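1. have a look at this prediction, sequence included:
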Amino acid sequence: MIFDEQGLPILDQFSEEDFVDCVFKIHDLKSRDDVYTFTLLASHKEKTVGFAVTLLKEIGPGFDGDMNLIPEHVCRPGLRFESIGKPSDNLITALAALYELGKGALRMVSEESFTAIALHQGDISLETDEIKIKLFGRDGEPFVEEDYFESFFNVDLSGGFVFWNEKDPDYRAPLVRALGTG
């Protein structure tokens, strides 16, 4: 992994083959009641980028032994992103540029929630395992197809990193519209 002089990972260092995948370092991890809270930080073009996260502790495996979805393990909402000011604005602006959307400078919305499903079978623990989570954005009612998006959010609390990966480049514009304002 490549870090800047502040010890922050370079945001898009794992991007390849037309996908923009992002890596963040976990800061200020706290365990409260039924959630974990933490801040994610990275570096992009010598600027600090990041946001705050609230993640349900009780996220369970999303699939049974036969790979059938376990409906009670679909967490609505399971995860929330929150702005931390300038680093969050820098992140949304960086994502829009990396996604080649031509948006210019943006601000991050104060918060956005997601439906989350752990892409695992069997026992999992956020405390000790790297958990692969699929996020669904703007999937509530009323459902608007052009606002909907998905991504992967792989959490390694014990290792101290989160990998936020694209599922499909077609979800870029809806994601930036949901998280950013002009």
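-> Received, thanks.

2. what ranges do the strands span in the protein?
-> 21-32, 35-44, 47-56, 61-63, 75-82, 107-108, 111-121, 131-137, 149-156, 161-166, 180-181 (DSSP state E).

3. ok, which of the ones you listed comes nearest Pro174?
-> strand 149-156 (4.1 Å; C-beta to C-beta). Using the backbone N, CA and C atoms, a C-beta is placed for each residue, glycine as well.

4. which outside residues touch the closest one?
-> Outside strand 149-156, the residues within contact range by C-beta atoms under 8 Å, 6 or more residues apart in numbering are 55, 79, 116, 119, 126, 130-138, 162-168, 171, 174-175, 178.

5. re earlier: could you dump the strands of the chain to a markdown table with mean pLDDT and distance to Thr93?
-> Compiled in a markdown table, these are given as follows (pLDDT from 0 to 100; distance: least, C-beta to C-beta, whole Å):
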| stretch | mean pLDDT | distance to Thr93 |
| --- | --- | --- |
| strand 21-32 | 97 | 14 |
| strand 35-44 | 98 | 9 |
| strand 47-56 | 98 | 9 |
| strand 61-63 | 95 | 32 |
| strand 75-82 | 96 | 15 |
| strand 107-108 | 98 | 9 |
| strand 111-121 | 96 | 16 |
| strand 131-137 | 97 | 19 |
| strand 149-156 | 98 | 18 |
| strand 161-166 | 98 | 16 |
| strand 180-181 | 94 | 8 |
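
6. now those strands as a markdown table including distance to Leu101 and mean neighbour count?
-> Shown next, in a markdown table, are these (distance: least, C-beta to C-beta, whole Å; neighbours: other C-beta atoms under 10 Å):
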| stretch | distance to Leu101 | mean neighbour count |
| --- | --- | --- |
| strand 21-32 | 15 | 16 |
| strand 35-44 | 15 | 21 |
| strand 47-56 | 16 | 20 |
| strand 61-63 | 30 | 19 |
| strand 75-82 | 18 | 19 |
| strand 107-108 | 15 | 22 |
| strand 111-121 | 17 | 19 |
| strand 131-137 | 16 | 20 |
| strand 149-156 | 13 | 20 |
| strand 161-166 | 13 | 20 |
| strand 180-181 | 10 | 16 |
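
7. so for Leu91, which of those strands sits nearest?
-> strand 47-56 (3.8 Å).

8. show me what counts as buried in the lengthiest helix in the chain.
-> Ranked by residue count, the top helix of the chain under DSSP state H comes out as helix 86-98. By 16 or more other C-beta atoms under 10 Å, the buried positions in helix 86-98 come out as Pro87, Ser88, Asp89, Asn90, Leu91, Ile92, Thr93, Ala94, Leu95, Ala96, Ala97, Leu98.
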